[in-house]
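Asker: could you look at this predicted model? Sequence included:
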Amino acid sequence: MTEKNTPLWEVFIRARNGLSHKHVGSLHAVDAEMAMQAARDVYTRRGEGQSVWVVRSSDIVASDPTEKETMFEPTGSKIYRHPTFYDIPEDVGHM
Amino acid sequence: MPNADLKPETLFKYVLRLADDQLILGQRLGEWCGHAPTLEEELALANIGLDLLGQARSLYSYAGEIEGKGRGEDDLAFLRPEREYLNALLVEQPNGDFAVTIVRQVFHAAFMVPFWRAMTASSDETLAAIAAKSLKEVEYHLRHSSEWLIRLGDGTQESHRRSQDALEELWGYASELFEMDALAEEILDCGIAVDAAALKAEWDATVNAVLERAALTRPADSWSQSGGRSGRHSEHLGHILSELQYMQRTYPGLSW
């Protein structure tokens, strides 16, 4: 089977209630139903999942690595966004 | 035992038939390991094979208990001669191309889904419990294999031709699944067995629906072959057993 017939899909699995879906890997499949089955067979063999999402890799919009400076560097100097300036009362303990 | 007249060896044979079906088909699916068309399908077929192996293990253990001669699952799975295997001929048929494997799986799963569902109501608590666990597994096997058959049948010219050929090749082996002989009838009368013949209508409906979506033609009932339930097999079983039994024959008593 050619790449054209079996596009790439990304697989996300939610391990437990209350957690979010987490990217676990990718696979090739002809369509959504087959991608879902393959995700179940490849990525949930050891009881990893409660819920599975599959999405076509081509439908994911990714940030451009060459724009990394513009995208991410400006936040580096904004230490006031990190909540490290609060005095935590002793009895609150570790946060 | 709900019926005092039921001889242990009768129930033993019935459970063995069921166990052998799952073992042999599981072994066949295991043959795809390293040869499947894609990595995803490799895992899918191995998963199904392992589900069936797990069902076979539970059934062999129970069969050994019923027999009461100290034989365990390994003795029953690995140390019987060919004529003592009681699986249906369908499950020992070679993997062929991918279409043959998928058609064989559709035939088997479309039968096992209503079979296990009915078995959950068995008066035999062990069989009812094995049925409840196995039902969830075969429901997935049916989904997996039918979705494949739909895509193969309604795919390219070649995949259509190959799946139609596979249907014709295996069609005559399906009817054995529904056979009820004196042994099965006796156990049915005790409230333990499933009436396999009564499952034919549901099997037909399931298979017809898949074939329709797959744009495949239901073959004519022009021939049928059986004999597996009484130990008369096709030439393929001996070859499966030589591979399956090699380790226990070479290193008797070996365990993992």
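Answerer: Received, thanks.
Asker: tally of neighbours for residue 89?
Answerer: Answering for chain A, as no chain was given. Using other C-beta atoms under 10 Å in any protein chain shown, the number of residues around A:Pro89 comes to 7. No exception for glycine: its C-beta is placed from N, CA and C like everyone else's.
Asker: looking at chain B here, not the other one
Answerer: B:Leu89: 24 surrounding residues under other C-beta under 10 Å.
Asker: and it, what does it touch?
Answerer: B:Tyr173, B:Glu176, B:Gln225, B:Ser226, B:Gly227, B:Gly228, B:His233, B:Ser234 (C-beta atoms under 8 Å, 6 or more residues apart in numbering or on different chains).
Asker: again, only this time at 6 Å
Answerer: By C-beta atoms under 6 Å, 6 or more residues apart in numbering or on different chains, the contact set of B:Leu89 is B:Tyr173, B:Glu176, B:Gln225, B:Gly228, B:Ser234.
Asker: of the residues you listed, which pair is most distant in space?
Answerer: Pairwise distances across the contacts of B:Leu89 peak at 11.3 Å for B:Glu176 and B:Ser234 (criterion: C-beta to C-beta).
Asker: more crowded one of these two?
Answerer: Using other C-beta under 10 Å, the more surrounded residue of B:Glu176 and B:Ser234 is B:Glu176, with 19 against 15.
Asker: count the neighbours of A:Lys68 for me.
Answerer: By other C-beta under 10 Å, 10 other residues sit near A:Lys68.
Asker: element containing it?
Answerer: When elements are assigned from DSSP states H and E, A:Lys68 belongs to helix A:68-72.
Asker: run through who's touching that helix.
Answerer: Residues from elsewhere that reach helix A:68-72 (C-beta under 6 Å, 6+ apart): A:Ser63.
Asker: swap the cut-off to 10 Å and go again
Answerer: A:Ser63, A:Asp64, A:Pro65 (C-beta atoms under 10 Å, 6 or more residues apart in numbering or on different chains).
Asker: next one: stretch A:8-26
Answerer: Against stretch A:8-26 from outside (C-beta under 10 Å, 6+ apart): A:27-29, A:31-32, A:34-36, A:38-40, A:42-44, A:47-60, B:40.
Asker: in strands only, show me the residues you listed.
Answerer: A:Leu27, A:His28, A:Ser51, A:Val52, A:Trp53, A:Val54, A:Val55, A:Arg56 (DSSP state E).
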